[in-house]
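Visitor: Got a predicted structure plus its sequence, pasted below:
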Number of protein chains: 2
Amino acid sequence: MTLFAKHQPTLNQAVKALHDRVFYAAFPENPSPAVYGETADADGKAKFSALCGNKFTDLQQSGEDGWAGQEESPYLQEALRISYPTFNVPKLIDRSTKAFHLWRKVSVDDRAGMLMESLERMKSRFFEIAYATMHTTGQGYMMAFQASGPHAADRALEAIAAGYEELGRFPSSVVWDKPMGKFNIQLKKEWRAVPKGISVVVGCSTFPTWNSVTGIYGSLMTGNSVIVKPHPGAILPIAIVVAEIQKVLVENNLDPNVCQLAVDTFDKMITKELAEHPDVKLIDFTGNSAFGSYLEGIVGKSVFTEKTGVNSVILDSAEDIDKVAANLAFSVNLYSGQMCTAPQNFYISRNGINTPAGNVSFDQFAQKFVENLNSLVDNPKAGPFVLGAIQNKKTKERVTESEGLAGKVWLKSRAFENPMFKNARLTTPVVVEVDAAKKEIFSKELFGPIALLIKTNDTDQSIALAKEMAMKHGAISCGAYTTDPVVREKIADEMSLAATPVSFNLTGGIYMNQNAAFSDFHVTGGNPSGNASFTNPEYVTRRFTWVGHREPVGK
Amino acid sequence: MTLFAKHQPTLNQAVKALHDRVFYAAFPENPSPAVYGETADADGKAKFSALCGNKFTDLQQSGEDGWAGQEESPYLQEALRISYPTFNVPKLIDRSTKAFHLWRKVSVDDRAGMLMESLERMKSRFFEIAYATMHTTGQGYMMAFQASGPHAADRALEAIAAGYEELGRFPSSVVWDKPMGKFNIQLKKEWRAVPKGISVVVGCSTFPTWNSVTGIYGSLMTGNSVIVKPHPGAILPIAIVVAEIQKVLVENNLDPNVCQLAVDTFDKMITKELAEHPDVKLIDFTGNSAFGSYLEGIVGKSVFTEKTGVNSVILDSAEDIDKVAANLAFSVNLYSGQMCTAPQNFYISRNGINTPAGNVSFDQFAQKFVENLNSLVDNPKAGPFVLGAIQNKKTKERVTESEGLAGKVWLKSRAFENPMFKNARLTTPVVVEVDAAKKEIFSKELFGPIALLIKTNDTDQSIALAKEMAMKHGAISCGAYTTDPVVREKIADEMSLAATPVSFNLTGGIYMNQNAAFSDFHVTGGNPSGNASFTNPEYVTRRFTWVGHREPVGK
């Protein structure tokens, strides 16, 4: 049985799910022994530990220039001492070019089969990837497992499915038979989906697999060769994925350089040299807006970005304000606000929030919100796991600095300890009240657990500000609470124009931060937070070109 | 019956044709009385004559700043003296913004119905449009009728069909039901296809409707308001189309400013002011590479360009060299080489062209080619009609200048008269032999009837040069002649990598210049000749954004 035949049922389901947009998950998100086996967790942990302090020899790339690696665990605040082979850019490009011309001639079905097989192999290493993710990004265990493992694999599968479908969207050949009156002109026409060339996928420090696999698999599925350039602070999780892709390639007698890992170090980054190389035609990037916009501006490339945004919550009215405060407190605490979908700007009218139990004043809500943040932080069974650790020192500094913003500080960051990791880099959320007039304060992303409670004149102003921020500075998510259908539609319509998805009235175990594969378009591509979306048709069609040739029939 | 119901059968056929890519034409290309009526041609001619020298009052736009128009007939070399209402850019933008918010709320079906109805109205004016096209572009009568009438309407219908299909690609809402073990999370998710905003469509002087209607209809179908900015030298053909769109809008109680005509003059062009306006989100452009690249570089816009290219013919071997020479001579003479798909660089090995009748030397082919060019020009029943007239004085100057290129001049441009239009601006083709080493001569577009016969070492060099030109300078078409299947596949593969469609072994009544709606992707978007393609899925998906909102079920 070919790899394609083996994986075809799942691929068909994935294509269907992509279009139906109902719930679908090919990879179970529950890390329980019942699902993944009794020893899976312990084995993964042991394998991760064995990788630390050693050379990462799992890749099938050879002829390296040297070995390097500067990853550091936010939980231990010490180096992982893993080193990876490094390659200069001309060597990477040269190998990628050679591999491209082999890979582009592999059939669509065979590509799909091999890529799906690599996801199966990745699945066997979910726990190892989870620990690698914890100790590079600072994510809590559950998020590290889910986001870097099954959820990432689902997003990769979604990109495979989208590419597979688009590549089959037009016939490979037809007879074009044009009646001309006394005779017909008959042409044999054929169409080729021509991959663009070398694809560079630039990773970020907080979601090293989830944000990179879509570009990697989207480009590979459509026949491009890929160079994966991870963030120097979060290499291991994606290195494991690349190693598994390479092993499947080698097993199928293909050049492992179809998908190369290109490791660099903080003192000598190679991203610009890669991105500006004329043979690089595709660039995927997750990271800061300045660098993302620079990449978007390079002439002659197809660039896919997820940059930063200013996410809003609009509080108009609610059924149960306590559940609202609890839900939003969780969203801010989750991975200490280091998600691209985390809320930052909370717009509340100076007239408060209407509920069936009466009006809740601005101050009353602020108080409830702070209480919920604190009680989650102080819950020893939840706090350390939900908050995780801080990936970057600068995030911690920013949180402290935010206490100096011009406004009432409702909650200060405070000392906090994770009993399992005494030396972890931690911080707790800051909440500051800001007047709606002081736009300069809330017109930018303050990455980390920083919540600004913005006092507006009314919900109309709240909506207008949330929309303006999204249109000018980008937004990846928006939360809204209202019991009024007219207000609901106004928010839905206005935020649509700012290309921002809205989560309405979320309470309980579902949060505005979460975006699901096969259903949620992550980043719409329609505002400055990014120009691409996981996974709309464009996300894959921009990776190849339809070229049609024709010839008279019979020739 | 709604307009949608009226046109639904045609729309369904168009969607199917777009995917099957077999022959399909909704609008007959034959201008015979049997098809369009006994008096259609005479009526159209009379209506065109009546428009000359007058104000064009057919538009439904009011409150103009003034009247202007500088069109000139290449056949008469005198002004048409038609004036159009002019509007300043702030007024155009203001009206377009208001109209956008009305239009975007019109249902997809209603939009489709109205747009298809406008094509029916356009059909009733095909002959008027044909004469308007002749006397602005210089096209011959048959091309003016076909390209500006039925072929343009087919391309418009193709854009409607593509937009219609993509807008319906995902469900408008679903229940997302995620099993969580002891309970399920149920969210109602809804997706909106959100149009980007104001769309500016910038026309060209040679194909004023064919190259503009795709952008106009693609943008309108996906809910954007449109400002049509024609070339100041070729306004009337598209003005008639816009007038018909506006009439259908008004009949359906909609604001005619959903689609405005924005006329300017050579001395005061408004394209830059329009394009750079922050509220303009979409730009379609056909024209020179410098301006097209400037537009592509404006940050924050979705830009669709068709720029210039250097089209090649690769001559390796042939069944019947006389038929080849005749076919290519027609392609160069057709509309005096003023088509974006016209061939310019003819690559021929110094070892000649193999045929079953023996080797045809470089010089022998050059001689045959020149003879065929001359015999077509000198055929009084064909020459004047095929060549048409020269739109722009500079094109005529360029043709004369090309006789001074460094190489043997095989054919000089010469005096030529159109008996129906004694004062027409005419020129005949120039043929120059150029050595393959003199790349600087043939590395740019020489717009007009200029053919360069490039002497190469062998077919491999011919292919390499054609590919290099396409990759560096763009190419919209390529002709190739070979009887060797290995060479054929090499050409097909290499030119695919340069995103250039190849017409193989065309002889008889079909030419490399011709691109058919519903089947040929015109301009692939994959080389510097343009970043968009008529009509691939991206051509419409880039005009709107998928935005998803979600809310717990029952809320």
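Guide: Noted; the coordinates are in hand. No experiment lies behind these values; they were computed from the predicted model shown.
Visitor: Report the contact partners of the residue lying closest to A:N392 once chain neighbours are set aside.
Guide: Nearest residue to A:N392, sequence neighbours excluded (CB to CB, 6 or more residues apart in numbering or on different chains): A:S205, at 6.6 Å. (Each C-beta comes from the backbone N, C-alpha and C, glycine too.) Contacts were defined as CB atoms under 8 Å, 6 or more residues apart in numbering or on different chains; by that measure A:S205 touches A:136-137, A:231, A:233-234, A:391-392.
Visitor: do A:G554 as well
Guide: A:Q186.
Visitor: let's see 7 Å
Guide: By CB atoms under 7 Å, 6 or more residues apart in numbering or on different chains, the contact set of A:G554 is empty.
Visitor: How much space separates the residue in the stretch 1-150 of chain A positioned nearest to chain B from A:N12?
Guide: Residue nearest to chain B within the stretch 1-150 of chain A: A:F23 (4.6 Å; CB to the nearest CB). According to CB to CB, to the nearest Å, A:F23 and A:N12 sit 17 Å apart.
Visitor: more crowded one of those two?
Guide: Neighbour count, other CB atoms under 10 Å in any protein chain shown: between A:F23 and A:N12, A:F23 has more, with 20 against 12.
Visitor: what about stretch A:79-98 and chain B, touching?
Guide: No. Using CB under 7 Å from any CB of the partner chain, stretch A:79-98 stays clear of chain B, coming no nearer than 11.5 Å.
Visitor: before we move on, which element is the nearest residue to A:D435 once chain neighbours are set aside in?
Guide: Spatially, and ignoring its direct neighbours in sequence, A:D435 is nearest to A:K455 (5.7 Å; CB to CB, 6+ apart). Using DSSP states H and E, A:K455 sits within strand A:450-456.
Visitor: what residues does that strand touch?
Guide: Taking CB under 7 Å, 6+ apart as the rule, strand A:450-456 contacts A:332, A:337, A:344-350, A:362, A:366, A:399, A:402, A:410, A:429-436, A:442, A:462, A:465.
Visitor: could you dump that strand to CSV, C-alpha only?
Guide: Taking Å, rounded to 0.1, in the frame of the first residue of the first chain, the C-alpha atoms of strand A:450-456 are listed here in CSV:
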residue,chain,number,x,y,z
ILE,A,450,-1.1,43.6,30.7
ALA,A,451,-4.8,44.5,30.7
LEU,A,452,-6.0,48.0,30.1
LEU,A,453,-9.5,48.9,31.3
ILE,A,454,-10.4,51.7,29.0
LYS,A,455,-13.2,54.0,30.2
THR,A,456,-15.4,55.0,27.3
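Visitor: Can you give me the separation between A:V175 and B:P501?
Guide: 17 Å.
Visitor: In terms of neighbours, single out the busier of the two.
Guide: B:P501 (27 against 11).
Visitor: In this structure the more buried one contacts A:T545, no?
Guide: No. Between B:P501 and A:T545 there is no contact under CB atoms under 7 Å: 10.3 Å.
Visitor: Find the residues that touch each one of these two.
Guide: Residues touching both B:P501 and A:T545 by CB under 7 Å, 6+ apart: B:T524.
Visitor: For chain B, what's the nearest residue on the stretch 301-450 of chain A?
Guide: Counting by CB to the nearest CB, the stretch 301-450 of chain A gets nearest chain B through A:E319, at 7.8 Å.
Visitor: Now do the contacts for that residue.
Guide: Applying CB under 7 Å, 6+ apart, the residues near A:E319 are A:355-356, A:483.
Visitor: Those residues of the stretch 451-555 of chain A touching chain B, which are they?
Guide: So far as CB under 7 Å from any CB goes, the stretch 451-555 of chain A lies against chain B at A:492, A:496-497, A:499, A:501-506, A:509-510, A:519-521, A:524-526, A:533, A:536-538, A:541-542, A:545-552, A:555.
Visitor: Helices - which of the residues you listed land there?
Guide: Using DSSP state H, the members of those that fall within helices are A:492, A:496-497, A:537-538, A:541.
Visitor: helix, strand or coil for the closest residue to A:V248 other than its chain neighbours?
Guide: Nearest residue to A:V248 in three dimensions, chain neighbours excluded: A:S118, at 4.6 Å (CB to CB, 6+ apart). At A:S118 the chain is in helix, as set by DSSP: H, G, I helix; E, B strand; the rest coil.
Visitor: Is there a quick ChimeraX command that grabs whichever of the contacts of A:E319 are buried?
Guide: The ChimeraX selection below is limited to those of the contacts of A:E319 classed as buried (16 or more other CB atoms under 10 Å in any protein chain shown):
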select /A:355
